[in-house]
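*Asks:* Have a look; sequence and predicted model below, questions after that.
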Amino acid sequence: MASLQSQNGFSGDVSFSLVSPPAGFTLSGGPYRLESGEAVDVPLFLQVDPSVEPGSYSLVVQAASGSSLKTATLQVQVASRTGRLALGIFFQGAPAGAQGYVVVSGPGGTYTLTQSQVLSLAPGIYTITAYSVSVDGVPYDPSPPGGTVEVVAGGQASFTVTYTPRSGGGAP
């Protein structure tokens, strides 16, 4: 919102723009007609491109009508749009390079992982399902076999799956 107030009998159209904005910021709204003696609040819309890195930005907003210019500095905080999920896949008693089979699914899509990895994901609840695998003919079972985890924007969640040899052997 921008507050406009006519001064000294001014009436006319007032337009708004950003002065030398960083890449990825766009201001829309207006122009707005201001009548003599009038005071109004007018809506302005700031669009932030998804490519803009999280952080704090100073933006200069300019109101113009003819040769009359006014500026104001606006502080904007851009938050992360994604969160991270650190998924650990570990083996007990398996040779180096053993691979698990873990599926992560949720609002950001479905991912199949075979080794520990950190994923950058859209916020939401993710279901993790770990499947038994065979390493050099030996069956390994995951613990836990699955679960859910919440990924929040700007945060990091973690989930660990540990594979152990199946007692008594048998096919996975």
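*Replies:* Received it, and whenever you're ready, just let me know what you need. Numbers count the residues shown, from 1 in each chain.
*Asks:* Spit out the contact partners of the closest residue to G100 other than its chain neighbours.
*Replies:* Distances taken as Cβ to Cβ, 6 or more residues apart in numbering put I89 closest to G100, at 4.2 Å, once the chain neighbours are dropped. All C-beta spots, glycine's among them, are computed from the backbone N, C-alpha and C. Counting by Cβ atoms under 8 Å, 6 or more residues apart in numbering, I89 touches 99-100, 102, 113-116, 130, 160-161, 163.
*Asks:* Show me what the helix or strand where Y111 lies pairs with in its sheet, parallel or antiparallel.
*Replies:* Using DSSP states H and E, the element containing Y111 is strand 109-113. Strands that pair with strand 109-113, judged by DSSP bridges, come out as strand 101-106 (antiparallel).
*Asks:* Model confidence at the closest residue to D13 other than its chain neighbours, what's the number?
*Replies:* Among residues not flanking D13 along the chain, P31 sits closest, at 4.3 Å (Cβ to Cβ, 6+ apart). Reading off the confidence values, P31 has pLDDT 91.
*Asks:* I'd assumed V138 was in contact with Y163.
*Replies:* No. Using Cβ atoms under 8 Å, Y163 is not in contact with V138, being 10.3 Å away.
*Asks:* These two - which one has more neighbours?
*Replies:* Taking other Cβ atoms under 10 Å, Y163 and V138 do not tie; Y163 has more neighbours (25 against 15).
*Asks:* how about that one, secondary structure?
*Replies:* Here Y163 is strand, with the state taken from DSSP: H, G, I helix; E, B strand; the rest coil.
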